[in-house]
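Student: attaching a predicted model along with its sequence, questions to come.
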Amino acid sequence: MKAMVLRAPSDLVLDEVARPQPAAGQVVVRITHSGVCGTDYKIFNGSIRVPYPLIPGHEMAGEIVATPEPLESLDMEPANPASSEPTAGSPPRNR
């Protein structure tokens, strides 16, 4: 799959990366929309140090494309829309 990868400060490139495989209780979301916050910008310009390479971002929306098993308890399945909450540790939410 393709992703924007930050290789070093100010070095953001479109790259091919391995598609993640969801573990129990997780889903894979194909991102269709993403926001950029102040923290993202500081990571991009090197003001906040992070390990590289990094796929940045935490404000996003898209659709579920893979689940390891039916997630009836969360009422999620492929093609459901999903978004994230930009707070530490928040799982994607079904909308």
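Tutor: Done, it's in. Numbers count the residues shown, from 1 in each chain.
Student: contacts for stretch 61-71 next, please.
Tutor: For stretch 61-71, contacts defined as Cβ atoms under 8 Å, 6 or more residues apart in numbering pick out 21-34, 76-84. All C-beta atoms are positioned from the backbone trio N, CA, C, and that covers glycine.
Student: show me what counts as buried in it.
Tutor: Neighbour-count burial for stretch 61-71 flags 61-62, 64-65, 67, 71 (criterion: 16 or more other Cβ atoms under 10 Å).
Student: which of the residues in the helix or strand containing residue 40 are classified as buried?
Tutor: In this assignment (DSSP states H and E), residue 40 forms part of helix 38-45. Across helix 38-45, burial judged by 16+ other Cβ under 10 Å covers 40, 43-44.
Student: from those residues, which shows the smallest pLDDT?
Tutor: In terms of pLDDT, residue 40 ranks lowest among those, with 91.
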